[in-house]
Structure formats: structure tokens, C-alpha cells
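Output the structure for:
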Amino acid sequence: MSNHSKKLKLSILDLATIYNSESASATLQNSVELAQLADRLGYERYWFAEHHNTKFQMSTSPDLLGAHVAAVTKNIRIGSGGIMLPNHSPLKVAENFSLLEALHPNRIDLGIGRAPGTDGLTAVALRRSREAVTGYDFPEQLDELLSYFSGNFSPEHPFKDIRPSAEQLIPDVYMLGSSDGGMRFASENGLGFVFAAHIAPHLAVRMLNAYRDHFKPSLFLQEPKSALAIIVIAADSEEEAEYLAGPAELQWVRWGTGQFTHAPPTLEEAENHVYTPQEEKIRQENRGRFVIGSVEDVAKKLRDLAEKARVDEMMILNMLTEKKTRHRSFELLADAFELN
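So this is what the prediction gives:
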């Protein structure tokens, strides 16, 4: 069955970015309100990313944010996109997500990432030793985490009698990826897979197809389950969408030229910015990270992309700076995809 003939699910990825010099509290309240709107509109899931030591992002603890948002929503799945496993004890992650699953049964997702989500020094502070940063033991960490949920430690494993909860409580587990590494862990361990096309757009279709082709069923998942994450800005017209996309485009150009300390641009700042030839080149190279346009054009592009990647879900990275137009964009998409 082609993806054109089955309903495409939509989800949201939130970095809890501070826009327009808002307070931290206002930024988090905006996230809560967007999650509540997404819940009413019929979106599938709402995930928080994990970033540390970033001046303009409040998403340091996806589990805490998820607990709060799950408590004020009803149907939408809530989770992490992702928990950066190298920063954490696998047991603590298993405990936290077992607890969330007990509080909100069948609504919790654990998306797992392999990157630190921060700079090297902050990674040392998080993990409490330089050795933990310079070594690579992600495969062992992932195996340990999955074994807590499954109870399938080998008989000789020292942690075999440790339980993360009084009951076996298992969230839906996903591997995140922007290369073939995440894809391999997802397919070999029988986990869901979400590919970050906003990070590596040129690899997205190939990696998502490879995941489906190599998927091995597991206790966690019998059939492959995948989604493509990308920045989507939809509006009533193409002109309005291009205008609203200005701040996100400028921010990605700044990141591409090593400018990481600027506040996220405002609409006015983006509109008045004159791109240098080097910046314009990067801006054009970045176009694959975005789907921008009228809702009709955006819907067609997302359906085409989903069919090529063999996914039945698109995860939208929220990078609109204004609450009103942010909500409007997600409302338009919900209507276009008949989510309710």
C-alpha cells in the first residue's frame, strides 16, 4: 500500500527555544499550550529534545517536561526526542520512563540519541569524568537499558536482579538518527526509528528505507515503525510562509557559519538581513532541511517525502517564532491531513 492511500500521522518536536526575548517561564508555557493544541487537533506525539548549556533553549530535561505536559493533555503521546543516553545512567532512564508509563499508560515514548547534545566540557560535567566522555560504550549502555525493560539480562550479568519498577512497564522505544549508526541500532534491536532530516536531509530517504529493509522483530516492536523529522512552515500563502520562515533560515545560516551565541532572530531582523554571498550559498544548501509554503504545497511535499521514505509519520520541528502563526501553521496542517 502506498503512503498516498493511507493516513499520514503528524507529530511535533520541540526544543523549547526562547524567542523574542521571552522569559524562560513564558517559553515553557508556550510549549505547554502548543502541546495542548496538538492534543485537540489529533497530532500523534509531542517530543522534547535534550540540549545542555544553551542560552536560548529550555529543553534540558525531556522527562521532566514530558511529565508536566502529559499531565495536562489527554490523548497525544508524550516523550523524548531524545534522551541522550551517554549523559545518563541506563537504570535511571529506565526508572524515569517506567514511572511515566505508570502515570500515563500507553502514552509515553522514549526516543534515544547517541550524541551528547552539548559541548565537550558540559558533557564532562554531566557524566562526572573525562573518561566517560572519551570512551565509547553506547552499545553496552543501550543493551543495559533495553534489558531493564525486557528483564532479559544474561544469567551472569551483575545487574540481572535489578528492577526499574515494581511492575514491568515499557514505553514505546525509538532510536533517533542522522546517519547509518542510529539506523543500525534501531533495525538490529527491533526499535522504532526517527530520522532527523533537518540535520542530514540528503541521507533521510536512504536511511529510512534501509531501516525497513533490515528490521528485526523484537519484544519492543513486531513491525518496523518509522518517522521522518523535518522543519515545516505552512501558511495560508507561499509568500507568508517564506516570510515566517525567515528567522529559522537565518538561524541555520548562522549555525552553518559558526555563529552560535546570537539570540534566535526575530521576524523583523530576518526580513532586514542582507545575506553575504557565502551566507546565501549556505542558505540555499539548507533548503533540504525545510518544507516551506502554502499548506497545499506543503501537504503534497510531505506526502511525497513520506512515500519515498516509506514512513507513515512526519515529525515537525517547531521553529516558528510567533505563537499566533505557530498555532495557525499546525491548525492548517491538521486540517490538510484530516487528523481529527
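
Name the residue closest to the centre of this protein, please.
In the chain, the C-alpha closest to the average C-alpha coordinate belongs to Gly81, at a distance of 3.7 Å (Cα atoms, centre = their mean).

On the three-state scheme, that residue is what?
When the structure is split into helix, strand and coil by DSSP: H, G, I helix; E, B strand; the rest coil, Gly81 lands in strand.

Okay, the closest residue to it other than its chain neighbours and Pro277: tell me how far apart.
Counting by Cβ to Cβ, 6 or more residues apart in numbering, the nearest residue to Gly81 once its immediate chain neighbours are dropped is Trp47, at 3.3 Å. C-beta: built from backbone N, CA, C; applies to glycine. With distances defined as Cβ to Cβ, to the nearest Å, the gap from Trp47 to Pro277 amounts to 37 Å.

And those two? Which one has more around it.
Counting neighbours by other Cβ atoms under 10 Å for Trp47 and for Pro277 shows that Trp47 has the greater number, 28 against 6.

Can I take it that the more buried one is in a helix?
No - the assignment for Trp47 (three-state DSSP) gives strand, which keeps it out of a helix.

my guess is it contacts Ile112, does it?
No - applying Cβ atoms under 8 Å as the test, Trp47 and Ile112 come out as separate, 11.7 Å apart.

Identify the contacts common to these two.
With contacts defined as Cβ atoms under 8 Å, 6 or more residues apart in numbering, the residues adjacent to both Trp47 and Ile112 are 80, 82.

Please enumerate the strands of the stretch 151-300 of the chain.
Under the criterion DSSP state E, counting those that start in this stretch, the stretch 151-300 of the chain contains strands at 172-177, 192-196, 226-235, 290-294.

Give me the neighbour count for the spatially closest residue to Asp63 that is not a sequence neighbour.
Leaving out its chain neighbours, the residue that sits closest to Asp63 by Cβ to Cβ, 6+ apart is Asn96, at 4.6 Å. Asn96 has 23 neighbouring residues, counting by other Cβ under 10 Å.

gap between Asn96 and Gly79?
With distances defined as Cβ to Cβ, the gap from Asn96 to Gly79 amounts to 11 Å.

again with Ala35
Distance, Ala35 to Gly79, using Cβ to Cβ: 11 Å.

shared neighbours of the two, which are they?
Taking Cβ under 8 Å, 6+ apart as the contact rule, the neighbours common to Ala35 and Gly79 are Tyr46.

State the phi and psi torsions of the residue of the chain most remote from its centre.
If you look at how far each residue of the chain sits from its centre, by Cα atoms, centre = their mean, the farthest one is Glu156, at 35.8 Å. Dihedral pair for Glu156: phi -90, psi 0, per degrees, to the nearest 10.

cool, and the one 10 residues further on?
Backbone dihedrals for Ala166, given as degrees, to the nearest 10, come out at phi -70, psi -30.

What is the burial count for it?
Other residues near Ala166 come to 8 when the count uses other Cβ under 10 Å.

circling back to that earlier point, which ones are touching the residue nearest to the centre of the chain?
Contacts here follow Cβ under 8 Å, 6+ apart; on that basis Gly81 touches 13, 47-49, 62, 111, 176, 194, 229, 315.

per-residue pLDDT, the residue nearest to Asp63?
The per-residue pLDDT reported for Asn96 equals 98.
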